[in-house]
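Novice: Kindly return the folded structure for what I paste below:
(one chain, ligands or ions: 1)
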Amino acid sequence: MDVKVKEEYVRQALKLHQENPVVDAHLDLAGEILLRNMAGEHNVVKNYYLPYFCKAGINLVISSVYVENGNLDRAWDNALKQIDALKEDVEGLKEVLLIKNKADLDKALEENKVGIMIYMEGLDCIGEDIAKLDMLYEMGVRGASLTWSRANALATGCCKASEHRQIFGALTEAGIEAVKKMEELSMFLDVSHLNDEGFEQLCRITEKSFVATHSGSRHIHDNYRNLTDEQMEALSAQGGIMGMNGCVYIAGSFEGNHLEMLCRHIEYEVEKIGALHVGYGFDLCDSYDFAKAALSGRKPEKRYDCLLNHGQIPLLSAALLQRGMSCEDVKCIMGGNFISFFRKIL
Ligand SMILES: [Zn+2]
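Specialist: Predicted coordinates for the structure are as follows:
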């Protein structure tokens, strides 16, 4: 059974969301825009996302640039196309601001705009060519994970997703170089999708704080995409934040008890590492999947997301309040923590 959220908590959460920073630390937005552009659609953010972003009072979305397996042979070209498509889609949208520095972020907060920051979900597109990180930075990219689950020239991820099979292996020499270069450029580092060995190695070599933009707790749902208690402790000890993943397979919500499961992850994480290290990074991807299905003539079906859309985020905050979490803690989790982190990094 899912949580039934009482009206008074929904009202309280909606007010909190309008008056305080709200962040979604992971959305495959750039890729979806490119897919929809290929199908002849434009104004993707305006038509598909903006009303929901506004309803949830979102101030910052971290848009991933994620290159699909089928595009790996032209990964650099595909990544650049995604970045261009995102920029073009939000150009002229007065409600949206691309975030490249701290002043942009402060402006988004002060003027209540939706800030969008670009980051690479996996650096397959650079191969071993670390100098390409400078080029990505120039284009406005402000963070990256070394790998999206699969193995590449920099690191091995947590699984071979197409076969649902765990994979193992440490960072390569080029991967270690990439981490150093990213820290030099003040690009944030994301450990979601990395395997346990890579995580441990990163803890030893990083000098700046890193985050897990979209990972839950492995104690609550045993999936290699989630963090163990030890990893959660290591992440928080170096000033990191973990963004709650809202994918049914990663949250482990198979019974339609989505709010219940998301709350259980968050409450466990708060109990273990404190409210200052927990955030939202929902990874909502049904809309991306619909765009992909439409392009290939498949009939799309809703499969992955615990929340219907971004407009439902306040409902999760309301559920947390109803289950007894303090207003202060909810404020930190729904955006305060990630905002502090990115203000520091930028
Ligand atoms: Zn991901």
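
Novice: Quick one: residues in contact with the lowest-mean-pLDDT helix or strand in the chain.
Specialist: Least confident helix or strand, the chain: strand 159-160 with a mean of 82, by mean pLDDT, DSSP states H and E. Identification of contacts with strand 159-160 by C-beta atoms under 8 Å, 6 or more residues apart in numbering yields 149, 150, 165, 166, 167, 224, 225. In this view, the C-beta of every residue, glycine as well, is placed from N, C-alpha and C.

Novice: Direction included, what does the following helix or strand past it pair up with?
Specialist: Remark: after strand 159-160, the chain's next helix or strand is strand 165-166, criterion DSSP states H and E. Strand 165-166 has the following strand partners under DSSP bridges: strand 159-160 (antiparallel).

Novice: Give me the distance from the strand it pairs with to the chain's centre.
Specialist: On the basis of C-alpha atoms, centre = their mean, to the nearest Å, strand 159-160 sits 19 Å off its chain's mean C-alpha point.

Novice: For the protein, which segments count as strands?
Specialist: 23-27, 60-65, 96-98, 114-121, 141-145, 159-160, 165-166, 188-190, 242-244, 278-280 (DSSP state E).

Novice: list the helices and strands the third one packs on?
Specialist: Counting by 3 or more C-beta pairs under 8 Å, 6 or more residues apart in numbering; DSSP states H and E, the packing neighbours recorded for strand 96-98 are helix 75-90, helix 102-110, strand 114-121.

Novice: Each with direction, which strands does the last one pair with?
Specialist: It stands for strand 114-121. When DSSP bridges is applied, strand 114-121 pairs with strand 60-65 (parallel), strand 96-98 (parallel), strand 141-145 (parallel).

Novice: dump the residue contacts of residue 104.
Specialist: Contacts for residue 104 (C-beta under 8 Å, 6+ apart) come out as 97, 98, 115.

Novice: could you redo the last one with a cut-off of 6 Å?
Specialist: residue 97 (C-beta atoms under 6 Å, 6 or more residues apart in numbering).

Novice: With residue 86 instead?
Specialist: 30, 33.

Novice: what about the stretch 51-200 of the chain, any weak spots by pLDDT?
Specialist: In the predicted model of the stretch 51-200 of the chain, no residue satisfies pLDDT under 70.

Novice: Burial check on residue 255, number of neighbours?
Specialist: Neighbour count of residue 255, defined by other C-beta atoms under 10 Å: 11.

Novice: Pop out the phi and psi values for it.
Specialist: Dihedral pair for residue 255: phi -110, psi 20, per degrees, to the nearest 10.

Novice: from memory residue 75 sits against residue 125, does it?
Specialist: Yes - counting by C-beta atoms under 6 Å, residue 75 does reach residue 125; the two are 4.0 Å apart.

Novice: which residues are common contacts for these two?
Specialist: Taking C-beta under 6 Å, 6+ apart as the criterion, residue 75 and residue 125 both touch residue 67.

Novice: Specify which residue of the two has the higher count of neighbours.
Specialist: Each of residue 75 and residue 125 has its neighbours counted (other C-beta under 10 Å); residue 125 has more, 23 against 18.

Novice: In contact with the more buried one, which residues?
Specialist: 67, 75, 76, 79.

Novice: okay, the residues you listed in TSV with distance to residue 144 next?
Specialist: Below are those laid out as TSV (distance: C-beta to C-beta, whole Å):
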residue	distance to residue 144
67	12
75	13
76	14
79	11
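
Novice: Among these, which one lies nearest to residue 257?
Specialist: residue 67 (33.4 Å; C-beta to C-beta).

Novice: Next, give phi and psi for that closest one.
Specialist: Dihedral angles (degrees, to the nearest 10) for residue 67: phi -100, psi 120.

Novice: residues touching it, list them.
Specialist: 75, 78, 79, 124, 125 are the contacts of residue 67 under C-beta under 6 Å, 6+ apart.

Novice: Residue 253 now?
Specialist: 261, 306.

Novice: how near is it to residue 5?
Specialist: 16 Å (C-beta to C-beta, to the nearest Å).

Novice: so which pair among the contacts of residue 67 is furthest apart in space?
Specialist: Using C-beta to C-beta, the contacts of residue 67 span at most 9.6 Å, a distance reached by 78 and 124.

Novice: Okay, residue 150 and residue 72: tell me how far apart.
Specialist: Separation of residue 150 from residue 72 (C-beta to C-beta) stands at 9 Å.

Novice: The two - which one has more neighbours?
Specialist: residue 150 (19 against 14).

Novice: surely the more buried one meets residue 158?
Specialist: No - contact criterion C-beta under 6 Å: residue 150 and residue 158 do not qualify, at 9.5 Å.

Novice: So residue 169 sits against residue 156, correct?
Specialist: Yes - counting by C-beta under 6 Å, residue 156 is a contact partner of residue 169 at 3.6 Å.

Novice: Tell me which of these two has more neighbours.
Specialist: residue 156 (23 against 12).

Novice: check contacts around the more buried one.
Specialist: Contacts of residue 156 by C-beta under 6 Å, 6+ apart are 167, 169, 195.

Novice: Tabulate the contacts of residue 67 (TSV), appending distance to residue 276.
Specialist: Conversion of the contacts of residue 67 to TSV gives the following (distance: C-beta to C-beta, whole Å):
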residue	distance to residue 276
75	36
78	37
79	33
124	33
125	33
